[in-house]
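Visitor: please find the sequence and the predicted model below.
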Amino acid sequence: MADFCKQFNEKTNTLGYERDLPLAVRLTALSDRSFTFVVKSPPTAFLIKRVIGMKKGPTNPDAAVASGFITPEAVLEIARIKKEDANRWHLPLEGIARSVVGTCRSMGVQVREEEAHA
């Protein structure tokens, strides 16, 4: 366990992830007590909430009332982050961006340009 923690901390520092960022890890433990692991990017919903400043996700998914908005540029940046995952390297960026838009929709977040200030 101590070896995993040490290696995990080294890897996340190397990848540039900041402290207290939720990350998924795929851990494979072998019978000889050795292990391998893969660190994945933060969850899409977490990245969306972080961009729009939402503290907590909606209590009623797919609600008609929008809980915020995100720009297409921010969606594309989240898609670039998600493309770094080992299981998504082969997918086109556009497809990953559509998936991010779908997550936005389920959270009640609209994808649109910033509002013009009068």
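Guide: On my side now, so go ahead.

Visitor: just the helices in the chain please.
Guide: Assigned by DSSP state H, the chain shows helices spanning 2-15, 44-52, 72-83, 93-107.

Visitor: out of those helices, which gets nearest to Phe35?
Guide: helix 2-15 (6.4 Å; Cβ to Cβ). From N, CA and C alone the C-beta is placed, and that goes for glycine too.

Visitor: output the below-cut-off pLDDT ranges for the chain.
Guide: 58-66, 115-118 (pLDDT under 70).

Visitor: domains for it, by residue range?
Guide: Here the domain assignment for the chain is 1-40, 43-113, based on automatic domain parsing.

Visitor: can I get those in CSV with mean neighbour count?
Guide: Formatted as CSV, those follow (neighbours: other Cβ atoms under 10 Å):
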stretch, mean neighbour count
domain 1-40, 11
domain 43-113, 15
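
Visitor: of the helices of the chain, which approaches Glu113 most closely?
Guide: Glu113 sits nearest to helix 72-83 of all these, at 7.3 Å, using Cβ to Cβ.

Visitor: now for that closest one, which elements pack on it?
Guide: Judged by 3 or more Cβ pairs under 8 Å, 6 or more residues apart in numbering; DSSP states H and E, helix 72-83 is in contact with helix 44-52, helix 93-107.

Visitor: got those as CSV, with distance to Ser31 columns?
Guide: Output for the helices and strands packed on helix 72-83, formatted as CSV (distance: least, Cβ to Cβ, whole Å):
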stretch, distance to Ser31
helix 44-52, 34
helix 93-107, 36
